[in-house]
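Chemist: Take this sequence and fold it.
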Amino acid sequence: MEKRLIDYKDLNRKDKIDHIWEYYKIHIIGGIIGFLIVFWLLNHYIFNPPADIVLDMSIFTYSMNDETRIERRDQLSEIVSDDLKREVAAIESFNIEEGIDYNMQMANVTKIMGKSTLGEFDIFVFVGENFQMYLEQGLMKPIDSYIEQGFINLPEEAYFSAEDLGLAGEGIASDSIYLADVTELEFFDGLLPEGETYYLGVFVSTSHEENIEKVFDYMFE
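Modeler: Model prediction:
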């Protein structure tokens with residue numbers, strides 16, 4: 001049987017749409033996806049870029065009150081930023097609960113490695129004595145300068161030196177202070193689990209030194 005060819009101009013509106021969709025649907029779908037990707041990139045990086053994190057507080061804990069975390073984060077943002085649309089503080093938790101899911105453990109490890117490699121850590125807070133690995137890997141620096149300048153103000157017994165912590169190695173002075181017991185600070189009330197000891201340290205390669213000083217000045221006033 002001979003197949004009759006129909007001129008496109010002779011098709012009705014519905015048949016024209018069906019014809020276009022039949023032959024050009026891949027191009028249409030690809031064009032829509034491409035448009036959405038370009039729109040998202042422009043919106044995300046040019047029109048409404050996310051604010052830069054100019055102070056990071058990473059807390060290693062098995063429990064945290066998220067409502068209080070948001071309140072504390074906003075308080076710190078007000079301290080370190082003159083423009084909250086462009087610069088903010090962040091408080092992030094890392095789960096140290098024993099027996100947590102393997103996938104969560106790996107996600108924690110990956111995030112920690114990424115933040116340390118990119119230099120995104122600033123202030124460490126540990127619930128309980130979960131700091132040894134980070135000390136041994138050289139991720140923390142002495143906090144003596146903050147103490148000497150009055151940014152950290154605690155009783156002598158609240159400070160832990162390299163000797164106290166069993167740290168040794170080239171360039172490590174035994175009397176250098178690496179951690180401070182900050183359990184009694186009002187800043188952590190309602191944020192972290194009660195009945196635990198909280199230890200504070202500073203990331204060795206922080207790029208937000210001035211903001212750390214501002215935050216310590218606020219926390220220890």
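Chemist: Specify the beta-bridge partners of the one residue sitting closest to the centre of the chain.
Modeler: Per CA atoms, centre = their mean, the C-alpha nearest to the average position across the chain is that of Glu92, at 5.2 Å. Under the criterion DSSP bridges, Glu92 forms beta bridges with Ser58.
Chemist: Report the separation between it and Pro50.
Modeler: Between Glu92 and Pro50 the distance is 15 Å, computed by CB to CB, to the nearest Å. (C-beta placed from N, C-alpha, C; glycine too.)
Chemist: and if you look at Asp56?
Modeler: When CB to CB is the yardstick, Asp56 and Pro50 sit 14 Å from each other.
Chemist: With His19 instead?
Modeler: His19 is 44 Å from Pro50, where distance means CB to CB.
Chemist: so the closest residue in space to Ile152 that isn't next to it in sequence, which of the three states?
Modeler: Beyond its immediate neighbours in the sequence, the residue positioned closest to Ile152 (CB to CB, 6 or more residues apart in numbering) is Tyr146, lying 4.5 Å away. When classified by DSSP: H, G, I helix; E, B strand; the rest coil, Tyr146 comes out as helix.
Chemist: And for Tyr178?
Modeler: Under three-state DSSP, the three-state class of Tyr178 is strand.
Chemist: next one: the one 5 residues further on
Modeler: For Thr183, the secondary structure call by three-state DSSP comes out as coil.
Chemist: got the contact list for it?
Modeler: When the contact criterion is CB atoms under 8 Å, 6 or more residues apart in numbering, the partners of Thr183 are Glu196, Thr197, Tyr198.
Chemist: swap in Phe60?
Modeler: By CB under 8 Å, 6+ apart, the neighbours of Phe60 are Ser93, Phe94, Ile96, Phe124, Val125, Phe126, Val127, Asn130, Phe131.
Chemist: Now with 6 Å, please.
Modeler: Neighbour list for Phe60: Phe94, Ile96, Phe126, Asn130 [criterion: CB atoms under 6 Å, 6 or more residues apart in numbering].
Chemist: starting at the chain centroid, how far to the helix or strand hosting it?
Modeler: Phe60 is located in strand 52-61, with elements delineated by DSSP states H and E. For strand 52-61, the distance from its own C-alpha centre to the chain's C-alpha centre is 5 Å (CA atoms, centre = their mean, to the nearest Å).
Chemist: buried stuff in whichever helix or strand comes after that strand?
Modeler: On the C-terminal side of strand 52-61, the closest following helix or strand by DSSP H and E is helix 66-80. Residues of helix 66-80 classed as buried: Arg69, Arg72, Arg73, Leu76, Ser77, Val80 (neighbour count, 16 or more other CB atoms under 10 Å).
Chemist: What are the phi and psi values at the residue nearest to Phe131 when sequence neighbours are not counted?
Modeler: Using CB to CB, 6+ apart and skipping the chain neighbours, the partner closest in space to Phe131 is Tyr199 (5.7 Å). According to degrees, to the nearest 10, the main-chain angles of Tyr199 amount to phi -120, psi 140.
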